[in-house]
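Visitor: turn this into a model:
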Amino acid sequence: MSIDRIVMAWAGAVVLVSLLLAQVHSGYWLWLTALVGANLLQAAFTGFCPLAIVLKKMGFKAGAAFFYSGH
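Guide: Numbers count the residues shown, from 1 in each chain. All right, here's what the predicted structure looks like:
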């Protein structure tokens, strides 16, 4: 699995877990969802992602997450 796919899977899992925790425990867990969203947004513009840096150092390969057959 490539770094970009791991990052997307991790972000999705954290969002889902924080939503579950907000329902079961406390609405304050929605701040974690907001934090993940803000990090994804800034990473889209800056290319900086702390998790991607850690995964690269661990030896995971970079890759293209999206493929399309456009013109």
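Visitor: can we go C-alpha only for contacts and neighbour counts from here?
Guide: Noted.
Visitor: what's the average pLDDT for the top helix by length along the chain?
Guide: Longest helix of the chain, by residue count under DSSP state H: helix 3-24. On average, the pLDDT along helix 3-24 is 96.
Visitor: what's the following helix or strand past that helix packed up against?
Guide: Downstream of helix 3-24, the next assigned helix or strand under DSSP states H and E is helix 30-46. When contacts are defined as 3 or more CA pairs under 8 Å, 6 or more residues apart in numbering; DSSP states H and E, helix 30-46 packs onto helix 3-24.
Visitor: Provide the contact partners of the helix it packs on at residue level.
Guide: Applying CA atoms under 8 Å, 6 or more residues apart in numbering, the contact partners of helix 3-24 are 27-30, 32-33, 36, 51-52, 55-56, 60-65.
Visitor: at 7 Å what do you get?
Guide: Residues outside helix 3-24 that contact it (CA atoms under 7 Å, 6 or more residues apart in numbering): 28-30, 32-33, 36, 51-52, 55, 60-63, 65.
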